[in-house]
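Trainee: okay, predicted coordinates and the sequence, questions at the end:
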Amino acid sequence: MTIIIHHRSNFWGILLLIYCPLVTKGFTTQQSTLFSDRSQYSSLISSSNLNSQASSYLCDATLSDKSFSELYSDNLPEWLLEKCEEYNYKCPTLIQQRSLDCFFDDDPNSMVIQAQTGSGKTLTYLLPLLSKLEDRASVQAMIVVPTRELGLQVAMVAKRLVGRKFMVMSLLEGSSLKRQRKWAWAETPQVVIGTPTELLDMVRYGGLPRISSVNTVVVDEVDACLVHTSSLQGGSNNSVDTKALASSLNELLSKFLSPTFIDEDDIIDDEVITIADDSNKKRKRKFRHRQTIFCSATIPQHRHFLKQCKANQWTLEEPVYVCTSPGEHLPPTLDHAYMVCNSNEKKMATLRNIIKKLNTSSNKILVFFDSTSSRPLDIIGKKLALSIDNGIFYEDKKTNLEDIQSNPVVSILRFEDSLSQRAGATKAFAERSEFRIMATTDLAARGLDILGVTHIIHFDLPIDADTYLHRSGRAGRLGQKGSVISILNPDQEFVLKRLSNALSVDVKCVGRQKVK
């Protein structure tokens, strides 16, 4: 293998170290004098070097020099500011500060927030949403998410912030709507978090009382909610119908959560107008403003989307568009590189070599595979575990090795697994600070928000630039440094070039296998 070395940053030194062992297997290298001293390699690959916060970059995740209390003591209630301090949410990021300034405007509008991955969008909409809650038994806020995994993480943050002060309900894939309906009527939640189909079913059949009292609606990862590709769901055999999911969100926003009117039963004064419904019967409805927030790192053709919001009656007027880094889709704290291999067997050998060299105490690695391929991720996961000293593979089974399984190094996350196995795999990867690997499909591209992910490896290239962005954005969160490595076949180079051009990302070739 002939190695092409680029040495503009420490990252390329890390990659050189990874591939140096291949020299002894019949490959040759061309080394830059910058890396001729092997004593430098260990320092370049060290976790302390990679995980340091890149404070010199100005990006969406750049922290303000003022705290939430200093900036928003007049807008956020004291109990919420105390919770922010308790959980170390002390200073807002750049995108949080710009968005909160719009939220707390004298005449708040609906908003579209487009921000880089890992910049704190969840807290951006949760803080003003929670600040408006009142101590009454009615649903006052609704958050729509595309996946169960993302919904669970949003619910965790929301529950952490409200404590016992308010009730938060999750309506996600796998939820028992019958049980949730009984709960909602017995003890009405103030905040409901759910996926489009489950939320629509619950609302349509009267599972949530007095939804007319909802004053804030958030659609997180709005582009994924509208266009839910089969790759995210784990292949064509397990995919949901794209049009059905999109229509679920559209019906939820334009019919049941329309910001324009509230129903006759909820009118408390005489300021009404009379309109005709489809049956030509006249009914009374009152104008009601409802703030709707759309969030994502990727909103294609955002100007068209703003017009679409009003045309579809999701909002009364075109929303305010908040974007602090136009044209910069990914955090600048990420380094991007790729290797070219002649066969899938060589790709797997390269992946295992990378894993071996990154086996330090604190690296967390996400390896992405194509959801529609027939790759046996269970077998791949076990092979990766064998690449590591004392590597244990997570399996959702009761065995005599249960004590060993409690600390797995490698886990798998994919749509077709059971909900309990998906939850267990995520927990195995996220909850420990030691070296961890997760082999996953695009299910994790949006639904996984784990601070401390250091490396993203694209074993299979994503289908489009947006997917590359969301996959890669699992690392480099909140200003941390991260590395993105793509392992390619020769005919995939032009595809990666097209993706990098679309995202304005500089991707360097750091290794190429010699053609025999």
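Mentor: Looks like it came in fine. Numbering: from 1, shown residues only.
Trainee: how's the chain carved up into domains?
Mentor: Following automatic domain parsing, one gets these domains for the chain: 10-56+331-512, 109-257+289-322.
Trainee: comparing these, which yields the minimum mean pLDDT?
Mentor: With a mean of 74, domain 10-56+331-512 has the lowest mean pLDDT of these.
Trainee: adding mean neighbour count and distance to residue 71, write the domains of the chain out as a markdown table.
Mentor: No exception for glycine: its C-beta is placed from N, CA and C like everyone else's. Shown next, in a markdown table, are the domains of the chain (neighbours: other Cβ atoms under 10 Å; distance: least, Cβ to Cβ, whole Å):
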| stretch | mean neighbour count | distance to residue 71 |
| --- | --- | --- |
| domain 10-56+331-512 | 18 | 18 |
| domain 109-257+289-322 | 19 | 11 |
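Trainee: wait, which of those domains is closest to residue 93?
Mentor: When the domains of the chain are compared by Cβ to Cβ, domain 109-257+289-322 sits nearest residue 93, at 4.6 Å.
Trainee: end to end, how far does that closest one reach?
Mentor: Terminal residues of domain 109-257+289-322 lie 11 Å apart, using Cα to Cα, to the nearest Å.
Trainee: mind listing what residue 216 touches?
Mentor: 128, 129, 132, 140, 141, 142, 290, 291, 292, 293 (Cβ atoms under 8 Å, 6 or more residues apart in numbering).
Trainee: no no, residue 301
Mentor: Under the criterion of Cβ under 8 Å, 6+ apart, residue 301 has no neighbours.
Trainee: now residue 491
Mentor: Not one residue lies near residue 491 by Cβ under 8 Å, 6+ apart.
Trainee: ok, it to residue 343 distance?
Mentor: 12 Å (Cβ to Cβ, to the nearest Å).
Trainee: can you check residue 255 too?
Mentor: Counting by Cβ to Cβ, the gap from residue 255 to residue 343 is 53 Å.
Trainee: go on, residue 359?
Mentor: Taking Cβ to Cβ as the measure, residue 359 and residue 343 are separated by 25 Å.
Trainee: cool, residue 90 as well?
Mentor: Residue 90 is 50 Å from residue 343, where distance means Cβ to Cβ.
Trainee: in what helix or strand does the residue nearest to the spatial centre of the chain lie?
Mentor: The residue lying closest to the centre of the chain (Cα atoms, centre = their mean) is residue 446, at 3.2 Å. Assigned by DSSP states H and E, residue 446 falls within helix 443-447.
Trainee: which elements pack onto that helix?
Mentor: With contacts defined as 3 or more Cβ pairs under 8 Å, 6 or more residues apart in numbering; DSSP states H and E, the packing partners of helix 443-447 are helix 148-162, helix 230-233, strand 364-368, helix 465-472.
Trainee: quick one: distance of the first one to the chain centre.
Mentor: It stands for helix 148-162. Distance of helix 148-162 from its chain centroid, counting by Cα atoms, centre = their mean, to the nearest Å, is 13 Å.
Trainee: who touches it?
Mentor: With Cβ under 8 Å, 6+ apart, helix 148-162 has contacts from 80, 83-84, 87, 122-123, 126-127, 130, 133, 143, 145, 168, 170, 172-174, 191, 193-195, 220-221, 413, 419, 422-423, 426, 443-444, 446-449.
Trainee: ditto for the third one
Mentor: With Cβ under 8 Å, 6+ apart as the contact definition, strand 364-368 has outside contacts at 351, 355, 358, 384, 429, 435-442, 444-445, 448, 450, 452-460, 462, 471, 474-475.
Trainee: so where do the strands sit in the stretch 201-350 of the chain?
Mentor: With DSSP state E, counting those that start in this stretch as the criterion, the stretch 201-350 of the chain has strands at 216-220, 261-262, 273-276, 282-287, 291-296, 320-322, 334-340.
Trainee: in the sheet, which residues pair with residue 511? Tell me.
Mentor: Applying DSSP bridges to residue 511 yields these beta-bridge partners: residue 339.
Trainee: what distance do you get for it to residue 87?
Mentor: Applying Cβ to Cβ to residue 511 and residue 87 gives a distance of 42 Å.
Trainee: then residue 481?
Mentor: Counting by Cβ to Cβ, the gap from residue 481 to residue 87 is 23 Å.
Trainee: what of residue 196?
Mentor: Using Cβ to Cβ, residue 196 is found at 29 Å from residue 87.
Trainee: cool, residue 327 as well?
Mentor: Residue 327 is 33 Å from residue 87, by Cβ to Cβ.
Trainee: count of neighbours near the closest residue to residue 94 other than its chain neighbours?
Mentor: Excluding the flanking residues, the one nearest residue 94 by Cβ to Cβ, 6 or more residues apart in numbering is residue 62, at 4.7 Å. If you count neighbours by other Cβ atoms under 10 Å, residue 62 ends up with 23.
Trainee: you'd agree residue 62 is up against residue 93?
Mentor: Yes - contact criterion Cβ atoms under 8 Å: residue 62 and residue 93 qualify, at 6.4 Å.
Trainee: buried sites along stretch 79-92?
Mentor: 80, 81, 83, 84, 89, 91, 92 (16 or more other Cβ atoms under 10 Å).
Trainee: now that stretch: mean pLDDT?
Mentor: 94.
Trainee: how far does stretch 183-203 stretch from start to finish?
Mentor: End-to-end distance for stretch 183-203, by Cα to Cα: 14 Å.
Trainee: oh sorry, the question was meant for stretch 493-513
Mentor: With Cα to Cα, one end of stretch 493-513 sits 13 Å from the other.
Trainee: what of stretch 166-173?
Mentor: The first and last residues of stretch 166-173 sit 23 Å apart, counting by Cα to Cα.
Trainee: in contact with residue 63: list those residues for me.
Mentor: 91, 92, 93, 94, 479.
Trainee: dump those residues into CSV; add secondary structure as well.
Mentor: Listed next are the contacts of residue 63 as CSV, based on DSSP: H, G, I helix; E, B strand; the rest coil:
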residue, secondary structure
91, coil
92, coil
93, strand
94, helix
479, helix
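Trainee: nearest to residue 164, of those?
Mentor: Closest approach to residue 164 among the contacts of residue 63 (Cβ to Cβ): residue 92, at 25.5 Å.
Trainee: test my guess that that closest one contacts residue 65.
Mentor: No - with contacts counted by Cβ under 8 Å, residue 92 stays clear of residue 65, the gap being 10.4 Å.
Trainee: please save the CA atoms from whichever strand or helix holds residue 425 in CSV.
Mentor: Element membership for residue 425, per DSSP H and E: helix 419-430. Listed next in CSV are the C-alpha coordinates belonging to helix 419-430 (Å, rounded to 0.1, in the frame of the first residue of the first chain):
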residue,chain,number,x,y,z
LEU,A,419,-36.6,-1.9,21.4
SER,A,420,-34.9,-3.4,24.5
GLN,A,421,-31.8,-4.4,22.5
ARG,A,422,-31.6,-0.9,20.9
ALA,A,423,-31.8,0.7,24.4
GLY,A,424,-29.2,-1.8,25.8
ALA,A,425,-26.8,-1.2,22.9
THR,A,426,-27.1,2.6,23.3
LYS,A,427,-26.5,2.4,27.1
ALA,A,428,-23.5,0.1,26.6
PHE,A,429,-21.9,2.7,24.3
ALA,A,430,-22.9,5.9,26.1
